[in-house]
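*Asks:* Task: produce atomic coordinates for the following.
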Amino acid sequence: MPTLLPRPSILSIEPYVGGESKIPGVNRIIKLSSNEGAFGVPPGAQAAYAKLAAELHRYPDGGSTALRQAIAQRYGLDAERIVCGNGSDELIGHIIMAYGGEGTELVMSAHGFVMYDIAGRYAGCRIIKVPERNLTADVDALLAAVGPRTRLMFLANPNNPTGSILPQSEIERLRAGLREDVLLVLDSAYAEYVTRPDYDPGVALVEAGTNTIMTRTFSKVFGLGGVRLGWTYAPPHITDVLNRVRGPFNVNAPAMAAGIAALAEHGWVERSVAHNSEWRAKLSDGLQAAGITVHPSEGNFILADFGTAERAKGADAALKARGLIVRAMGSYSLPQCLRITIGTAEECSMVLDALTGFMRGTA
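*Replies:* Have a look, this model is predicted:
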């Protein structure tokens with residue numbers, strides 16, 4: 001054993017493993033494992049990114065000023081309350097390091113996004129995972145889990161990987177039931193895909209108080225997972241803290257340019273959301289007709305439940321045999337499930353055909 005050791009909580013971390021992207025011996029691979037946008041990168045974002053190739057020797061704007069203004073204009077927000085980051089993961093880490101740490105607790109739902117757990121352990125927090133009700137966050141159980149040392153509560157809404165969502169009334173009840181010194185972090189990575197008229201990704205609660213923060217990403221509907229671009233909307237005092245701890249040039253110039261262009265791409269979000277709603281329903285209905293349980297989802301993915309881990313592994317193998325990569329859910333304590341990103345019409349049809357054949361024993 002080496003003499004120099006990290007804090008014990010570091011060694012309790014299971015390293016994050018992203019969605020698979022390769023299958024040995026398969027030429028055409030269709031990746032539906034990371035909830036990437038079905039239509040790829042907006043054309044305007046591609047052009048904006050390429051245009052900066054000759055300017056890469058220049059440092060980017062450390063304040064992401066133009067990007068924050070573009071986000072604010074798109075969503076009707078206050079640019080001064082926005083902080084941009086190298087993906088929302090970076091900002092989640094900063095939030096936890098700033099407000100958590102040794103001797104504190106972070107509360108999350110049992111099947112919440114794994115990065116809350118990883119970043120929390122890195123900071124030295126005790127992680128409390130709260131049982132869900134029908135794979136949906138249970139507000140009463142979350143509130144009951146809060147103790148004197150709780151400083152952070154993370155909730156993805158819609159949630160990844162379950163796709164479940166809490167109505168606005170429940171989110172408000174959750175916030176009202178928390179102490180003033182508990183920071184509620186609403187992760188709204190999939191906000192654009194929600195079509196419910198009463199949905200609020202977190203803006204109202206951020207603007208109504210001092211202890212709620214919303215995180216967002218460009219990795220999903222805007223198709224920019226490869227450049228790592230995310231942002232937060234928070235009360236001024238939290239924005240001040242994040243600007244103190246983030247790196248001085250934490251967002252690179254091509255990413256900012258691509259993000260601004262993606263926000264301006266006419267009809268991109270509307271077309272993406274319409275496609276997602278159509279094919280999420282078609283794929284869900286088709287899989288259920290084949291005898292597979294599909295949990296309701298508000299994201300750009302579905303959670304398919306095969307009943308047992310063995311059957312889920314068999315289904316995964318059947319998909320890989322056709323070059324289709326989805327996400328196994330063992331790391332989320334859901335070994336009987338596969339998470340399937342909503343891809344193009346062709347890709348969704350291929351998934352449906354492969355899994356129907358598997359369930360019939362013909363795959």
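*Asks:* any idea how far Y49 is from G286?
*Replies:* Separation of Y49 from G286 (CB to CB, to the nearest Å) stands at 36 Å. (C-beta placed from N, C-alpha, C; glycine too.)
*Asks:* Those two: which is more packed in?
*Replies:* Y49 (22 against 19; other CB atoms under 10 Å).
*Asks:* Secondary structure element for the more buried one, which one?
*Replies:* Secondary structure from DSSP states H and E places Y49 in helix 43-51.
*Asks:* Packing partners of that helix?
*Replies:* For helix 43-51, the packing partners by 3 or more CB pairs under 8 Å, 6 or more residues apart in numbering; DSSP states H and E come out as helix 253-264.
*Asks:* Identify each buried residue in the helix it packs on, please.
*Replies:* Across helix 253-264, burial judged by 16 or more other CB atoms under 10 Å covers 253-263.
*Asks:* now, which of these sits nearest G18?
*Replies:* Distance to G18 across these (CB to CB) is lowest for A255, with 18.3 Å.
*Asks:* Nearest the geometric middle of the protein, what residue?
*Replies:* Centroid check for the chain by CA atoms, centre = their mean gives A189 as the closest residue, at 4.5 Å.
*Asks:* List the residues that contact it.
*Replies:* Neighbouring residues of A189 by CB atoms under 8 Å, 6 or more residues apart in numbering: 88, 156, 160, 215-217, 219-220.
*Asks:* what do you get for G209?
*Replies:* 175, 235.
*Asks:* Now do it, the pLDDT please.
*Replies:* On pLDDT, G209 comes in at 92.
*Asks:* how much space is there between it and I96?
*Replies:* Distance check for G209 against I96: by CB to CB, it reads 20 Å.
*Asks:* go on, L303?
*Replies:* 26 Å.
*Asks:* Repeat that for T210.
*Replies:* Distance of T210 to I96, computed by CB to CB: 18 Å.
*Asks:* Settle it for me: which of the two has more neighbours?
*Replies:* More crowded of T210 and I96, by other CB under 10 Å: I96, with 27 against 12.
*Asks:* what about the more buried one, helix or strand, and which?
*Replies:* Going by DSSP H and E, I96 is part of helix 87-99.
*Asks:* how far does that helix sit from the chain's center?
*Replies:* How far helix 87-99 lies from its chain's middle: 14 Å, per CA atoms, centre = their mean, to the nearest Å.
*Asks:* Can you check what angle separates it from helix 253-264?
*Replies:* Angle of helix 87-99 versus helix 253-264, following axes from the mean of the first three to the mean of the last three CA atoms, to 10 degrees, is 110 degrees.
*Asks:* longest single helix anywhere in this protein?
*Replies:* When the chain is parsed with DSSP state H, its longest helix is helix 268-289.
*Asks:* I30 - how many residues pack around it?
*Replies:* So I30, with other CB under 10 Å, has 20 neighbours.
*Asks:* ok, now how distant is it from V227?
*Replies:* From I30 over to V227 the distance is 22 Å, taken as CB to CB.
*Asks:* And for T65?
*Replies:* As judged by CB to CB, T65 and V227 stand 18 Å apart.
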